[in-house]
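> give the three-dimensional model of this entry:
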Amino acid sequence: MKNTFITYAVAVILLLVSNLSFSQSTTVMVQDSTDLVDKRLKFGCGFGLNFVGGTNIFIAPNLIYDVSNTISLGGGLQGSYTGIKDVQNTTTFGFNLISQYTPVRQLTTLLEFTQLRVKTKTENLPENTTDKFWDSALFVGAGLNVTNSISIGAKVNLLYDSDETVYTSAVIPFVNITF
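Numbers count the residues shown, from 1 in each chain. A predicted model of the protein is given here:
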């Protein structure tokens, strides 16, 4: 079983380190403040629909703020439903915090913390069972920037525990699209 105290401590340390390291360099720009926020604040949304072998619906809106040309910080919400009729269904909801670093135009690296509430109901046993737990993930990953708005890559969950997780693998491919 994961120690939630350690998970929360890691998340707090990451936020503090990110805040301290990014607050060291400040650039003064003479611009209309609304124009500056509009250009630096980006909206993204992950989504998925699958009806083969069951039902799978996923949505994850997020906001990313470009701190500089190479560093971005953000957060978002996540929710999903996966079900196989008369067998099992799983519902998740939660949040994520993300930091991205783009050392060169073609590459983006990321550090992401995700906390999900998971509820799984199994119906095919002699007695229906429900399992509820919190699932924490700390992802480190990298992606190739196809365009200024699209990045394709993979991330590794450093907190992956195959016994108690909603993720099927420690390595997860991703496509990031921002507007």
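
> all helices for this protein, in order.
For the chain, applying DSSP state H gives helices covering 4-22, 33-40.

> which of these has the lowest mean pLDDT?
Across the helices of the chain, helix 4-22 has the smallest mean pLDDT, namely a mean of 45.

> so what sits opposite Gly83 in the bridge?
Here Gly83 shows beta-bridge partners Thr55, Asn89, assigned using DSSP bridges.

> distance of the closest residue to Lys39 other than its chain neighbours relative to Glu112?
Nearest residue to Lys39 in three dimensions, chain neighbours excluded: Asp66, at 7.9 Å (Cβ to Cβ, 6 or more residues apart in numbering). Every residue, glycine included, has its C-beta placed from N, CA and C. In this structure, Asp66 lies at 17 Å from Glu112, with Cβ to Cβ, to the nearest Å as the measure.

> more neighbours: which of these two?
With other Cβ atoms under 10 Å as the criterion, Asp66 and Glu112 differ in neighbour count, and Glu112 comes out ahead with 21 against 17.

> let me see the ranges of the strands in the protein.
Across the chain, reading from the start of the chain, the strands by DSSP state E fall at 41-50, 55-66, 71-84, 88-104, 107-122, 129-145, 150-157, 171-177.

> what angle do the fourth one and strand 55-66 make?
Direction vectors for strand 88-104 and strand 55-66, defined by axes from the mean of the first three to the mean of the last three Cα atoms, to 10 degrees, enclose an angle of 30 degrees.
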